[in-house]
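Asks: Take this sequence and fold it.
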Amino acid sequence: MIVERKAKDRGHTDWGWLDSRHTFSFGEYHDYRHMGFRSLRVINDDRVQPGAGFGTHGHRDMEILSYVLEGALEHKDSTGGGGVIRPGEIQFMRAGSGVTHSEYNASKSEPVHFLQIWIVPDASGLRPRYDQKRFDARAARERFVRLAAKGGPDGSIDLHQDVAVWMTRLSAGESRSHELAPDRHAWLHVARGSVALGELQLAEGGGAAISDEVRVELQGNGDAEVLLFDMA
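Replies: Prediction:
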């Protein structure tokens with residue numbers, strides 16, 4: 001079963017310095033039909049104006065990933081973690097027992113476009129942690145590349161939840177396939193471009209919940225970038 005989440009149907013927040021599209025309920029956007037998918041709680045598609053950003057604020061008991069599509073995002077947190085995240089990198093913050101952090105556009109002249117992803121951990125009160133890794137962009141042009149998973153296999157980000165986060169990039173006519181083990185589910189998010197998921201045509205920002213399927217079959221409609229969450 002595949003249930004589409006159209007890009008145009010997402011929630012929208014515009015604060016001037018921040019333009020954000022919400023796949024699931026977040027902040028002032030609330031829709032009881034879209035509260036997340038299994039342990040995946042948030043996908044915010046954020047565009048932040050030059051020099052602007054999120055001042056110091058707190059989180060707890062959440063696995064938070066930042067994925068930059070364009071520009072550069074500067075992160076600082078109370079664990080001592082921090083850095084500038086650019087396209088081709090994945091950044092992680094385990095909020096756990098409590099952490100404060102800030103996120104700013106690292107440029108004074110160019111906007112930054114990034115995805116903020118929240119995953120509910122399988123335990124509360126974990127020790128906060130920061131990580132940042134570069135992934136193999138060349139390999140992503142040929143197959144799915146694992147960005148994060150429980151246990152951190154193959155040098156990926158180590159998540160405290162039974163979720164594997166994969167990404168790939170496709171050109172027009174290229175196809176990708178991802179096998180789903182029995183009793184596994186998936187969420188597909190089109191970060192850039194558009195793809196065909198079976199009979200569905202998913203535009204940039206669109207997504208789909210996938211259950212009771214043995215594989216995910218994609219075809220690119222042009223240059224596209226896709227995130228896939230494989231989860232219990």
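Asks: got a list of what L202 touches?
Replies: For L202, the contact set (C-beta atoms under 8 Å, 6 or more residues apart in numbering) comprises E4, A7, L188, V190, S194, V195, A196, A208. Every residue, glycine included, has its C-beta placed from N, CA and C.
Asks: Can you give me the buried ones in the helix or strand containing the first one?
Replies: Yep, that's E4 we're talking about. Secondary structure assignment for E4, by DSSP states H and E: strand 2-5. Neighbour counts over strand 2-5 (16 or more other C-beta atoms under 10 Å) mark I2, R5 as buried.
Asks: try stretch 32-41
Replies: H34, G36, F37, R38, S39, L40, R41.
Asks: Run through the residues that contact the last one.
Replies: Contacts for R41 were tallied using C-beta under 8 Å, 6+ apart; they are F24, M35, M62, W118, I119, V120.
Asks: Take those residues and keep only those in helices.
Replies: The members of those all map outside helices under DSSP state H.
Asks: For these, could you give me CSV that also reports distance to Q91?
Replies: Conversion of the contacts of R41 to CSV gives the following (distance: C-beta to C-beta, whole Å):
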residue, distance to Q91
F24, 20
M35, 25
M62, 14
W118, 13
I119, 14
V120, 19
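Asks: If any of those are buried, give me the ChimeraX selection for them.
Replies: Burial among those is assessed by 16+ other C-beta under 10 Å; the matching ChimeraX selection reads:
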select :24,62,118,119,120
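Asks: Leaving out the residues flanking it, which one is nearest to the residue most central in space within the chain?
Replies: In the chain, the C-alpha nearest the mean C-alpha coordinate belongs to I117, at 4.3 Å (C-alpha atoms, centre = their mean). Leaving aside its sequence neighbours, I117 sits nearest to L65 (C-beta to C-beta, 6 or more residues apart in numbering; 4.2 Å).
Asks: got it, and R146?
Replies: That would be S156: by C-beta to C-beta, 6+ apart, it lies 4.8 Å from R146.
Asks: one step back: what's the average pLDDT for the helix or strand hosting the residue nearest to I117?
Replies: Following DSSP H and E, one finds L65 within strand 63-70. For strand 63-70, mean pLDDT is 97.
Asks: what comes into contact with that strand?
Replies: Outside strand 63-70, the residues touching it (C-beta under 8 Å, 6+ apart) are 73, 75, 85-87, 89-95, 103, 111-121, 147-148, 157, 159-161, 165, 167, 191-192, 225, 227.
Asks: Just the buried residues of the residues you listed.
Replies: Buried members of those, counted by 16+ other C-beta under 10 Å: 73, 75, 85-86, 89-95, 103, 112-121, 147-148, 157, 159-161, 165, 167, 191-192, 225, 227.
Asks: What lies in contact with the helix or strand hosting K133?
Replies: In this assignment (DSSP H and E), K133 forms part of strand 129-134. Here strand 129-134 makes contact (C-beta under 8 Å, 6+ apart) with 77, 79-83, 85, 88-94, 96, 147, 155-158.
Asks: mind listing which of the residues you listed are in strands?
Replies: Those of the contacts of strand 129-134 mapping onto strands are 77, 82-83, 85, 89-94, 147, 157-158, per DSSP state E.
Asks: Nearest to D14 among these?
Replies: Proximity of the ones in strands among the contacts of strand 129-134 to D14 (C-beta to C-beta) peaks at I85, which lies at 23.1 Å.
Asks: Just the CA trace of stretch 75-87, in CSV.
Replies: Only the C-alpha atoms of stretch 75-87 are listed here, as CSV (Å, rounded to 0.1, in the frame of the first residue of the first chain):
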residue,chain,number,x,y,z
HIS,A,75,25.1,24.8,14.1
LYS,A,76,26.2,25.2,17.7
ASP,A,77,24.9,23.3,20.7
SER,A,78,25.4,22.9,24.5
THR,A,79,27.3,19.6,24.1
GLY,A,80,30.1,21.5,22.4
GLY,A,81,29.1,20.2,19.1
GLY,A,82,29.0,22.5,16.1
GLY,A,83,30.1,23.2,12.6
VAL,A,84,29.0,24.4,9.2
ILE,A,85,26.9,21.9,7.2
ARG,A,86,27.0,22.0,3.4
PRO,A,87,25.5,19.9,0.6
